[in-house]
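*Asks:* Using only what follows, build the 3D model:
(2 chains)
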Amino acid sequence: MPVQVVTGNHAAGYALSVAGEANRTGRGVACGIYPITPQTEIVEFVASFPFSKGRVVPAESEHSAMAVSMGAAMCGARAFTASSANGLAYMAENIMVAGYYRLPIVMVAVNRTLGPPWNIWADQGDTLMLRDFAWLQFYCEDNQEVLDTTLLAFRLAEDRRILLPALTCMDAFIVSHTQTETELPEQDEVDRFLPDLELPHRMRYDEARTLGGLAWPHEGLSMRLEIEEAMRRVPEVYQECREHFKEVFGRDPGDMIQTFATDDAEQVLIASGSIATTAREVVRQRRASGEKIGLIKLKLFRPFPEAAIRDACQSATRVAVLDRNYAAGAGGIFWQDTRATFQGHRDDLLIQNYLTGLCGGDVTPTVIHEILADLSSRSAAANPVWMGIETSKESLQ
Amino acid sequence: MIEIRIHGRGGQGGVTLAKLIATSRFLQGLSVQAFGLYAAERSGAPIQAFCRYAQERITNRNLIYQPDHVIVLDPTLVGPPIVAGLKAGGWILINSPLRAEEFAGQFPRNRLATVDATRIARDNKLGTRSVPIVNTALAGAVGKMLAFPLDQVHAALEHLGFKGPNLTAATRAYAEVELLATPRGSDSTEELVAPSDEGRGPSILRGAGGEPPGIKTGQWATEQPHRRQMIPPCNHICPAGNNVQGFLNALAHDETDSALEILLRSTPFPSICGRACPAPCMDACNRIELDGAVNVRQLERYAGDHGRVTPTALARRDERIAVVGSGPAGLTAAYHLARFGYQVKVFESGAAVGGLLRTGIPEFRLPEEVVAREIDRILNLGVTVETGKRIDRQTLLELARDHDAVLVATGLQQQRDLRLGMDGTEAVVQGIDFLDHVHRGDVRVDGETVVVIGGGNTAMDAARSAMRLGARSTRVVYRRSRQEMPAIREEIDEAVEEGVCIELLTQPVALHQRPGNGARRRYRLTCRRMQLGEPDESGRRAPVEIPNSDFDIPCHRVILALGQSPDMSVFPEGTEVREGSQLLGLLETPLFAIGDLATRDGTLAGAIGSGRRTAVHIHNVLSGENVRITEHADALRDVDDWCDEVIRADALKLHLFERQPVSEGDSLSMAKRRSTFDEVHMGLEDASEASRCLSCGVCNECDLCCTYCPEGVLKRVGHRLEFDYAYCKGCGVCMAECPRNVIFMSHL
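*Replies:* From the prediction side, this is the model:
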């Protein structure tokens, strides 16, 4: 398995391409693409890949790119696309539709700040805007994880017990444009990992069928419930896919949440994306000096892995949730779901929110140390803390 | 772990340099990172790129704040920021032709290295002259500085697809870089080498870093913008061949003299056409689709009346040329031939130079002093005139013998008649003759009921003159509908305003004297109602009689304005007279017919165009030169991006223009219009109307394209647009922003 120095974008583009190519013995690959910084390298890579069966369609907008991918998926092709930030906002209507159509499309999103003010750097607000759209969501910390998770996402999304689209996310530039060594699987390995897609509700020439027509309330309700049931099956199916991945590629793509030193931790950091790498290094240092600190990296965000998080926090008394995102008027989005996870289970737990790295800020080890200092000084949780900026206590308390 | 920070400018290849260093370490088995600090990526903007390598797996995801070494791609960036956080003893590598010592005073804590990578890049033709790509040369210098063997540098370059001149540049920089090691005991920045290239496959990035280097963002383009200027419809349709857009653009910039100069390239009669031209340019004007045609006629008058330009002969030639007839066609030919330098003599049968210009258009439309002024401009070029000289078949042959070329511009002199039964009596007069008498002031129609038959400008002029002379009523009788009337639309409107009645779809059939013993003889004109049938050969719908529809119009006088036909008596029977064909083919002397005689066009502008075309043709024949007339005759502009297509309104972005009402200029009061021959139109007070011109298809250098180019790769140099295709991504913003559609995209 060759190791190469590639960017996160190229890792993603490679994963999408070889996954699509793996369906050449089935109904091939088809997808719509549209460029946007910092995702453009992904679609350029995909567009230049010599697929054996199917084609890549440069669309005139993100909205149409997703529409093309949906149409392709409905006809049984392996479909994917990629986008970022305001492009995702424009695509949003069709992103929602793809979820409710139960189409196993995989999209790679590069997390970029939603403008205005114009900003091309990392912030998770763009994909978290889509959190309620019946898509699986994964947040990755480095190139290798982007590649592995993207391949895994196809397997999971196409499983008949799931049949939901999946989103693989990475931080703009910090991952998308950073070139570092990455293991790239061979096509035959990917072929073994991803069987041909057989979409049970695919369109056929010889069988008239409507997708998404008018449904009465009780019909619509039962379809929503089926989606919820599929979401609840994800943890179990994920572990199956992960085991299969290890068998084929000889590498662990990682669990839905990845804990580090949480077993006896009194203080636990919850982080995602590239911040998790930095946080892990800080925890490693602090552990070395005897402090009982642990880290949970949230890889899976939808469905929210509630049970796993509660498990990992059994010894904790204080939890710091680091959010590179924020919902206006509500605070960090990971923090909100974390609070809900412990509601009625651990009402004694102090859960404090830290907003850090928003709008592309560099989250350095120093920032993590500051967060830990703040967390240990608290007797009770308060409103989210905005790191790296002077805030008026009155306005935020 | 070693961390390196690179300072450069967008386009120099800083990020690729980071990757080259990382790749060379990666191939030695180290863990590596290379990344840039991206913002609005623009050529020339300061950028930073970073590279890390370590033996253990790298877990740092941050920017580099405390680099071990710094590389500076552009010497203008040398200053305190480049050493921010730099570890003592670390290397500073500067792309500079200076010796490393020159920087020692500025950076005493560090080791210094310099290499003239810009020169090496230029010598190897890497990048453009203005933005040489220095990264591969610097990769060689870095290799020497950090003690990597040269073959490891080459391995990295080849791994990324660089070859040829890039390898040469790296090799040369490896040899030429000047190292000024350790002025103060440096902390050892020990090098990490663990040879192992197991499991390292070929790059998946096919072609990246090949030739030319991938940093040129123009390679992303699937389309490229170009400027292509088209012919505006006004220029295309003007029978005189005026550069309408050109003179309007000059007026819009308050350059009245320059506007007149542009007009005088094609026409000697801007003040006259500015009053009496039917202005087909205004019917063709694309601005009609927005808020009404640009008032080109009045603006031409403005340029003609206010511009101060004295045209001169461009050369002096000995050939003698005779022009028969001093109407607009003859005088235009004389004008252009005189400007070419020929000795031109004009023969006029009447008493005054100017033909119909003098006698056929009444004062209230075209004051005599205007005609005199423009004719003087021609005579001042040295054109001589012999008046009272009628040319017949014999004298024409004599002229041909005595001259190097002869032009016949005798126009349409035979007036058409209508057999009404009382022809030849004082009751019936020809319109042209009537207008001539009006000029001379020896005709009276006061108190009369006047009927004018016809629908052209002569009919309108006669009717309006009759009103001014105190006619009790004036009625124009025309056999088709108003749409078919050949008169200038505004003149019809003005005639109606002044009280002229227009009887449409009416054909006179007979004139009878009415019984009675009044001071004046009275007549009745029997007319027949018509309706429109199928189009005839003129393209207009032919009038068809309605049976049993006769009625009488009582009147004192009938004026016939039915058009004229040429007098062909000077030519042998059966001579085919058309523009551009040699007459009397046995003669050696070029002899051409021009103007209405050749074209039957009947308009002032048509006569001017014919005179000019033939003058240029004669010149080409006599001189052997190849002067060409183009519809976008803008010789001042040293550009060649014209095409021969005419631009239509749907190709313009009309929404980008603001609506502005048309400026008409003031008119004389109605009381004066009914009682005097003072000029009706007073002309425009200023030329602001010219700024309504959309400049269809012609770049008027508004520079919106340059302003909005998001890459900054488009600039105007003189009258030319320069696109830097090496960096143009083909986004098409310039095309989208051009209101006049002179930028188009071509597929690559």
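
*Asks:* Please compute how far stretch B:597-615 lies from its chain's middle.
*Replies:* 24 Å (CA atoms, centre = their mean, to the nearest Å).

*Asks:* same deal with stretch B:491-502?
*Replies:* With CA atoms, centre = their mean, you get 37 Å for stretch B:491-502.

*Asks:* With just CA atoms, put it into PDB.
*Replies:* Output of stretch B:491-502 as PDB, limited to C-alpha atoms (Å, rounded to 0.1, in the frame of the first residue of the first chain):
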ATOM      1  CA  GLU B 491     -40.700  66.400 -40.600                       C
ATOM      2  CA  ILE B 492     -44.100  64.900 -41.100                       C
ATOM      3  CA  ASP B 493     -44.800  65.500 -37.400                       C
ATOM      4  CA  GLU B 494     -43.700  69.100 -37.700                       C
ATOM      5  CA  ALA B 495     -45.800  69.700 -40.800                       C
ATOM      6  CA  VAL B 496     -48.900  68.400 -38.900                       C
ATOM      7  CA  GLU B 497     -48.100  70.500 -35.900                       C
ATOM      8  CA  GLU B 498     -47.900  73.500 -38.200                       C
ATOM      9  CA  GLY B 499     -51.400  72.800 -39.500                       C
ATOM     10  CA  VAL B 500     -50.700  70.800 -42.700                       C
ATOM     11  CA  CYS B 501     -53.500  68.200 -43.300                       C
ATOM     12  CA  ILE B 502     -52.400  64.800 -44.600                       C
END
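
*Asks:* got the contact list for it?
*Replies:* Residues from elsewhere that reach stretch B:491-502 (CB atoms under 8 Å, 6 or more residues apart in numbering or on different chains): B:365, B:457, B:460-461, B:463-464, B:467, B:473-476, B:478, B:482, B:485, B:670, B:673-674, B:680. In short, each C-beta sits where N, CA and C put it, glycine included.

*Asks:* Mind giving me the ChimeraX select for those, buried ones only?
*Replies:* What follows is the ChimeraX syntax selecting those of the contacts of stretch B:491-502 that are buried according to 16 or more other CB atoms under 10 Å in any protein chain shown:
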select /B:365,457,460,461,463,464,467,474,475,476,478,485,673,680
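
*Asks:* tell me the domain boundaries of chain B?
*Replies:* B:2-197, B:223-230+B:697-747, B:233-309+B:640-692, B:320-413+B:566-623, B:421-561 (automatic domain parsing).

*Asks:* Let's have those in JSON lines, adding mean pLDDT.
*Replies:* Below are these laid out as JSON lines (pLDDT from 0 to 100):
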{"stretch": "domain B:2-197", "mean pLDDT": "86"}
{"stretch": "domain B:223-230+B:697-747", "mean pLDDT": "88"}
{"stretch": "domain B:233-309+B:640-692", "mean pLDDT": "93"}
{"stretch": "domain B:320-413+B:566-623", "mean pLDDT": "88"}
{"stretch": "domain B:421-561", "mean pLDDT": "89"}
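
*Asks:* do you know how far B:V445 is from chain A?
*Replies:* 71 Å (CB to the nearest CB, to the nearest Å).

*Asks:* List the buried residues for the helix or strand hosting A:E181?
*Replies:* If you go by DSSP states H and E, A:E181 is part of strand A:179-183. The neighbour-count check on strand A:179-183 (16+ other CB under 10 Å) flags A:179-183 as buried.

*Asks:* Residue of chain A nearest chain B, please.
*Replies:* Here chain A gets closest to chain B at one residue, A:P2, 2.9 Å apart by CB to the nearest CB.

*Asks:* Let me know the pLDDT of B:L748.
*Replies:* At B:L748, the predicted lDDT confidence score is 82.

*Asks:* Following the chain onward from the strand or helix carrying A:T81, which element is next?
*Replies:* Element membership of A:T81 [criterion: DSSP H and E] is strand A:80-84. For strand A:80-84, the following helix or strand on the C-terminal side (DSSP H and E) is helix A:85-100.
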